[in-house]
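Visitor: Fold the following.
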Amino acid sequence: MGRIGLSRAIVATSLHDGHLRVKELKEHGFSRTLGSKVISRHRGKLGLKASKGLIEGTFIERPNRFLALVEIGSDRLPCFLPNPGRMEGLLIPGKPVLLRRILKASNVRKTNYDLVGVRLDNQIVSLDSRLPNKFVWELLKARALEAFSKFTDIEPEYSYGGSRLDFLLKGRDGELCLLEVKSCTLVKNRRGLFPDAPTERGRRHLESLIAARKEGYRASVIFIIQRVDVEAFSPNDEVDPKFGKSLRKAISEGVEAYAYTASFDGFSLSLVQRIPIKL
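Guide: Modelled structure (predicted):
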C-alpha cells in the first residue's frame, strides 16, 4: 500500500445508507439488482456502511444536465443525475448504468432514482460528483493521506476570499491548510482530464488558493479520478484553457496539487494510487 500514498489503509466511502429490498424490486417489476455479497466486502472499513439494492438499467438519453432517462425492462424511468458535467464517452445510449432508489424522496425532488454509475469495459465509473468530497473527508479523518496526516482538525465548507472551499485543515502546531477537491470522470488516452466543461467556479477556487498561499496558508487541490484506467492527470486545455492557465499559475505560486485514481464497485470508492500531474 505504500505506493498509493496512504499512511494507514485504503478507505472505502459509501454512497448512501438507504436500501431497496428485493420485495420492493419485485413489486416494481425489477429483477436485476446487485447482491449483498459485494456489500460484505466493505464491512469493518472504518465503520463505513455500504448501500444495498442498486438497480442496473440501460441509459437512453439526457434531456437536461441533471436528468437522465433509463430503461428498466419495459419502463423508462426519469433519474436525477448528480453531475452537471458533459461526461463525454460515458453517457452513451445503450450503456448499462446503475441506479439507486430514493426511499424517502423530498417534496422538491421530481424523480425517485439517482443515476450513480456506468459500466465501461471492465470497470464501473462513478458519476456522482458529490462523492469525491465525502471520500476525501473520510481519508482526512482517518489521517490516511500522508500529505495531510499532520492535521487534526477538519472544518468543511470554509469561506475564504469570496469562495467556499471544501476544507480548512488545522494542525497542532498552528499550521492552516485550505483544501479544494475536484471530481474527474473524463479520460482520454489513459489521461485524466479536468474539467469536462468550462468552469468559472473552478478558476475562482484556484484564485482563492493562490491568495491564501500568499497570506501564509498552506493551499492544496486534490483531483479524484473516479475510474482506474488512468496513468496521469492534466488540465483539459481544449475545453477550458483558462482553468489550465490558472492551475499552472497556482502550482508555480506554491499551491500543492495531487491526483488520485479511485475504483468504484457500485457502492463505494476505494483509493487506488496517486498519479503524476502533467502540465
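
Visitor: Just give the number of residues close to residue 130.
Guide: Residue 130 sits with 12 neighbouring residues when counted by other CB atoms under 10 Å. (Each C-beta comes from the backbone N, C-alpha and C, glycine too.)

Visitor: residues of stretch 150-163 that come out buried?
Guide: For stretch 150-163, a neighbour-count test (16 or more other CB atoms under 10 Å) marks 151, 154, 158, 160, 163 as buried.

Visitor: what's the spacing between it and its chain's center?
Guide: Stretch 150-163 sits 19 Å away from the centroid of its parent chain (CA atoms, centre = their mean, to the nearest Å).

Visitor: quick one: average pLDDT of that stretch?
Guide: In this model, stretch 150-163 carries a mean pLDDT of 94.

Visitor: With stretch 227-242 instead?
Guide: In this model, stretch 227-242 carries a mean pLDDT of 98.

Visitor: Ok, stretch 80-92 next?
Guide: Averaged across stretch 80-92, pLDDT comes to 94.

Visitor: repeat for stretch 211-220
Guide: 98.

Visitor: tell me the SS of the nearest residue to residue 256 once chain neighbours are set aside?
Guide: Spatially, and ignoring its direct neighbours in sequence, residue 256 is nearest to residue 220 (4.2 Å; CB to CB, 6 or more residues apart in numbering). Taken by DSSP: H, G, I helix; E, B strand; the rest coil, the conformation at residue 220 corresponds to strand.

Visitor: give the contact list for residue 90.
Guide: Residue 90 makes contact with 118, 120, 125, 127, 185, according to CB atoms under 8 Å, 6 or more residues apart in numbering.

Visitor: nope, residue 165 is what I was after
Guide: By CB under 8 Å, 6+ apart, the contact set of residue 165 is 157, 158, 159, 178, 179, 180, 205, 208, 209.

Visitor: Okay, and residue 249 sits in which element?
Guide: Residue 249 is part of helix 241-252, with elements assigned from DSSP states H and E.

Visitor: now that helix, how far from the centre of its chain.
Guide: For helix 241-252, the distance to the chain centre is 21 Å (CA atoms, centre = their mean).

Visitor: ok, residues contacting that helix?
Guide: Residues beyond helix 241-252 that count as contacts (CB under 8 Å, 6+ apart) turn out to be 194-195, 198-199, 202-203, 206-207, 209-210, 213, 219, 221, 235-237, 257, 279.

Visitor: Could you pull out the helices in the stretch 151-279 of the chain for me?
Guide: For the stretch 151-279 of the chain, the helices defined by DSSP state H, counting those that start in this stretch occupy 200-214, 241-252.

Visitor: Setting aside sequence neighbours, what's the nearest residue to the residue positioned nearest the centre of the chain?
Guide: Within the chain, one residue has its C-alpha closest to the average C-alpha position: by CA atoms, centre = their mean, that is residue 132, at 3.1 Å. By the measure of CB to CB, 6+ apart, the closest residue to residue 132 outside its immediate chain neighbours is residue 224, 3.6 Å from it.
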